[in-house]
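J.: Build me a model:
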Amino acid sequence: MRLLVFGPGHPFRGGIARTTTDLVLALRERGHEVGFFTPLRQYPRWLYPGRDDRDPGACPQVEGARPVLEPFSPWRWGPVRREALDRFADAWILPHWTWAWMPLWCYLLSGPPPERPPAVVVVHNVADHERRVVQRLAGRMVLGLASGLFTHGELLAEELRRSRFGTPVRAWPLAFPRADAGPPRDAVRQELGVGESERLALFVGLIRPYKGVEVLLRAFARLPDDSPWRLLVAGEPWGGLGERLRTLHRELGLEHRVGLDLAWVPEWRMPGLLAAADVVVLPYLAASQSAVVPLAMAHGVPVVSTAAGSITDVVRDGENGLVVPPGDEGALAAAFASLDGTVLARLREGVARTAGRFTRDRHAAELEALLDEVVQRGL
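T.: Residues are numbered from 1 along each chain as shown. Now for the predicted structure:
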């Protein structure tokens, strides 16, 4: 097929840019002719609570990618849509994750097929995690223009099927990325100050309220003094959350057990941090899914997670990780207390078995099946 993908890519950072880029490359590997329209700019300064939304090393440059999207410059949308139509694609693919891109997506999708190609929307979230009324309405508007909906968890897929009767919906978990070898584990652990007899839990990624890092700190405060577990929280906090975490860190007396590295983690650091970690922890209060899960398991690291959203489609309790209820600091502390060397070895074996199921090619093939359906139906 001739396909055109819209969405973030190089030099922008974050899970949406990385997964959209991987999808373009996987579809090309499967023999499709795939164009890629990426942003010139994503967000105005007032709207983005992090320090910067760019990291040239976060995802690879894609040959032929066109940086033409500007969600907050509507006077530029017309030429982009005309160029997109001139590609005569069989289908368009757009990611949906935030209300901020809704006006651009609605403009591009104006007019039903055959005035434009059918469009499959890759639904990362129905609405932003804060789920305000305006954000929920924005999500519904974009999804209402889609010819097909593709998502990464069965829970969200069922929600979409209930609310979008008649629109084809397909679900498959996020692909495991191709893991780059990191520096030697012992060297990174020594650099981080982790002793030979200690075990390291890693939280990594953007820090937002829904990710439950405060619950994680309280859980570690419950561990006994002789616990071998140490924690590193590595990621950029949004808004004033960083100061709240530093204050809680001091109040709980966690200076010798928990490290706070509250800054954006560039891509080149990820392999080293994952090499050093015994587990990756996701204490999320709510989620649809998480790109951290496939990243961790691609590097062979088990995951301790809450049962938020569709994360448990991949993280299986006692098989490749441990699962606890969201917001339950006692259950989270108990999970770490149960993780001895025997359990960790068993979970690592489960991770190895899991990695073979969720390949980039399989992910693209599942989306390809949905694309075939909407193209054949002329939706």
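
J.: Gly139 touches Val126, doesn't it?
T.: Yes - Gly139 lies in contact with Val126 (Cβ atoms under 8 Å); the separation is 4.8 Å. Every residue, glycine included, has its C-beta placed from N, CA and C.

J.: Now Phe150, what are its backbone angles?
T.: In terms of degrees, to the nearest 10, the main-chain angles of Phe150 are phi -120, psi 130.

J.: now the one 5 residues further on
T.: In terms of degrees, to the nearest 10, the main-chain angles of Leu155 are phi -60, psi -50.

J.: From the structure, what's the count of residues near the spatially closest residue to it that is not a sequence neighbour?
T.: Distance criterion Cβ to Cβ, 6 or more residues apart in numbering; nearest residue to Leu155, sequence neighbours excluded, is Ser310 at 4.5 Å. Residue neighbour count, defined by other Cβ atoms under 10 Å, stands at 23 for Ser310.

J.: Roughly how far does Ser310 sit from Ala181?
T.: Separation of Ser310 from Ala181 (Cβ to Cβ, to the nearest Å) stands at 30 Å.

J.: cool, and Thr151?
T.: 32 Å.

J.: Run a quick neighbour tally on Ala179.
T.: The burial count assigned to Ala179 is 19, neighbours taken as other Cβ under 10 Å.

J.: quick one: it and Ala298 touch, right?
T.: Yes - in this structure Ala179 lies within contact range of Ala298 using Cβ under 8 Å: 4.3 Å.

J.: Three-state assignment for Val34, please.
T.: The local conformation at Val34, judged by DSSP: H, G, I helix; E, B strand; the rest coil, is strand.

J.: Show me the beta-bridge partners of it.
T.: Beta bridges link Val34 to Leu3, judged by DSSP bridges.

J.: How about the contacts made by it?
T.: For Val34, the contacting residues are 3-5, 24, 27-28, by Cβ atoms under 8 Å, 6 or more residues apart in numbering.

J.: Save the residues you listed as JSON lines, and put in pLDDT too.
T.: Output for these, formatted as JSON lines (pLDDT from 0 to 100):
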{"residue": "Leu3", "pLDDT": "98"}
{"residue": "Leu4", "pLDDT": "98"}
{"residue": "Val5", "pLDDT": "98"}
{"residue": "Val24", "pLDDT": "97"}
{"residue": "Leu27", "pLDDT": "97"}
{"residue": "Arg28", "pLDDT": "97"}
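
J.: tell me the two of those residues that are most distant?
T.: Pairwise distances across the contacts of Val34 (Cβ to Cβ) peak at 12.5 Å, for the pair Leu4 and Arg28.

J.: More neighbours: these two, which one.
T.: Leu4 (23 against 17).

J.: Now do that one against Val34, distance only.
T.: As judged by Cβ to Cβ, Leu4 and Val34 stand 7 Å apart.

J.: Count the neighbours of the nearest residue to Glu83 once chain neighbours are set aside for me.
T.: Excluding the flanking residues, the one nearest Glu83 by Cβ to Cβ, 6+ apart is Val68, at 7.1 Å. For Val68, the number of neighbouring residues by other Cβ under 10 Å comes to 16.

J.: List of residues touching the helix or strand in which Val68 is found?
T.: Assigned by DSSP states H and E, Val68 falls within strand 66-69. Contact with strand 66-69 is made by 6-7, 35-40, 76, 79-80, 83, 104, as judged by Cβ under 8 Å, 6+ apart.

J.: Then stretch 317-333?
T.: 212, 215-216, 218-220, 222-223, 279, 281, 283-286, 297, 302-308, 311-312, 314-316, 334-335, 338-339, 347, 350-351, 353-354.

J.: make it 6 Å
T.: With Cβ atoms under 6 Å, 6 or more residues apart in numbering as the contact definition, stretch 317-333 has outside contacts at 215, 218-219, 222-223, 285, 302-308, 312, 315, 335, 347, 350-351, 354.

J.: For that stretch, buried residues please.
T.: Neighbour-count burial for stretch 317-333, counted by 16 or more other Cβ atoms under 10 Å, picks out 319-324, 326, 328-329, 332-333.

J.: Can you show me the CA trace of it as CSV?
T.: This file holds the C-alpha atoms of stretch 317-333, laid out as CSV (Å, rounded to 0.1, in the frame of the first residue of the first chain):
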residue,chain,number,x,y,z
ASP,A,317,2.0,-11.2,37.7
GLY,A,318,4.5,-13.9,38.7
GLU,A,319,5.5,-14.6,35.1
ASN,A,320,7.5,-11.6,33.8
GLY,A,321,6.8,-9.1,36.6
LEU,A,322,4.7,-8.4,39.6
VAL,A,323,1.3,-6.5,39.6
VAL,A,324,-0.2,-4.6,42.5
PRO,A,325,-3.3,-2.4,42.8
PRO,A,326,-2.9,1.3,41.9
GLY,A,327,-2.3,3.6,44.8
ASP,A,328,-1.6,0.9,47.3
GLU,A,329,1.8,1.7,48.8
GLY,A,330,1.6,-1.3,51.2
ALA,A,331,1.1,-3.8,48.4
LEU,A,332,4.0,-2.1,46.4
ALA,A,333,6.3,-2.4,49.4
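
J.: ok, so what distance separates the residue nearest to Glu83 from Phe37?
T.: To Phe37, Val68 is 5 Å away according to Cβ to Cβ.

J.: before we move on, the earlier item: CSV for the contacts of Val34, including distance to Arg161?
T.: Compiled in CSV, the contacts of Val34 are given as follows (distance: Cβ to Cβ, whole Å):
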residue, distance to Arg161
Leu3, 24
Leu4, 26
Val5, 24
Val24, 27
Leu27, 24
Arg28, 30
